[in-house]
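> Test case, fold it:
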Amino acid sequence: PNRSVTRAEFASMLVRALGLTEQGAIAFEDVPAGSWYAKDVSIAFKAGIVQGTSADRFSPGAKITREEMVVLAVRSYEALKGQKPTASTASFQDEDQISAWALEYAKKASALGLVQGRAAGQFAPRDESTRAEAAQVIYRLLNL
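Predicted structure coming up:
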């Protein structure tokens, strides 16, 4: 449960948990067609859940950070429910460390109850997400 999760693993977990099947083209040069995660990444990309770390790279083996995880979770919620959630007005003590592109998603994930901070109100945005955290976020997503 304390092992880190890669970007490919989390994308696969989301696709499988949500039961998504509509495959798209593989949009990233670092996602080989024969890799175990290629189909899931293409499905997640087509659904609008994942984007690359650049225009042509997905970085499938990179450890997913907590801020990346909440972005994908909120996009999954939007794909699943067909609506955008409202951001929470509550803040984390380390909110100034959350990347600008992830801040609104972190607030939405908090408002939905998808994620909680770590100890003492800390979100720890750039920390690697653990398998336990990833499983908890997906569990909460499925039970909204």
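
> C-alpha from now on. contacts and neighbour counts both.
Fine.

> Now do the longest helix along the chain: which elements does it pack against?
Criterion DSSP state H: the longest helix present in the chain is helix 66-81. Judged by 3 or more Cα pairs under 8 Å, 6 or more residues apart in numbering; DSSP states H and E, helix 66-81 is in contact with helix 7-18, helix 100-112, helix 131-142.

> run the last query once more with 7 Å
Applying 3 or more Cα pairs under 7 Å, 6 or more residues apart in numbering; DSSP states H and E, one finds that helix 66-81 contacts helix 100-112.

> quick one: the helix it packs on to chain centroid distance?
11 Å (Cα atoms, centre = their mean, to the nearest Å).

> what comes up buried for the longest helix of the chain?
If you call a residue buried by 16 or more other Cα atoms under 10 Å, then helix 66-81 has these buried ones: 66-79.

> Report the inter-axis angle for it versus helix 100-112.
60 degrees (axes from the mean of the first three to the mean of the last three Cα atoms, to 10 degrees).

> Other residues contacting helix 66-81?
Contacts with helix 66-81, where a contact means Cα atoms under 7 Å, 6 or more residues apart in numbering, come from 47, 49-50, 84, 102, 105-106, 109, 125-129, 141.

> I'd like the buried residues of helix 66-81 laid out as JSON lines, including distance to residue 117.
Below are the buried residues of helix 66-81 laid out as JSON lines (distance: Cα to Cα, whole Å):
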{"residue": "66", "distance to residue 117": "10"}
{"residue": "67", "distance to residue 117": "11"}
{"residue": "68", "distance to residue 117": "14"}
{"residue": "69", "distance to residue 117": "13"}
{"residue": "70", "distance to residue 117": "11"}
{"residue": "71", "distance to residue 117": "15"}
{"residue": "72", "distance to residue 117": "17"}
{"residue": "73", "distance to residue 117": "15"}
{"residue": "74", "distance to residue 117": "16"}
{"residue": "75", "distance to residue 117": "19"}
{"residue": "76", "distance to residue 117": "20"}
{"residue": "77", "distance to residue 117": "19"}
{"residue": "78", "distance to residue 117": "22"}
{"residue": "79", "distance to residue 117": "24"}
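
> any idea which of the residues you listed is the one closest to residue 54?
Nearest to residue 54, judged by Cα to Cα, of those is residue 68 at 13.8 Å.
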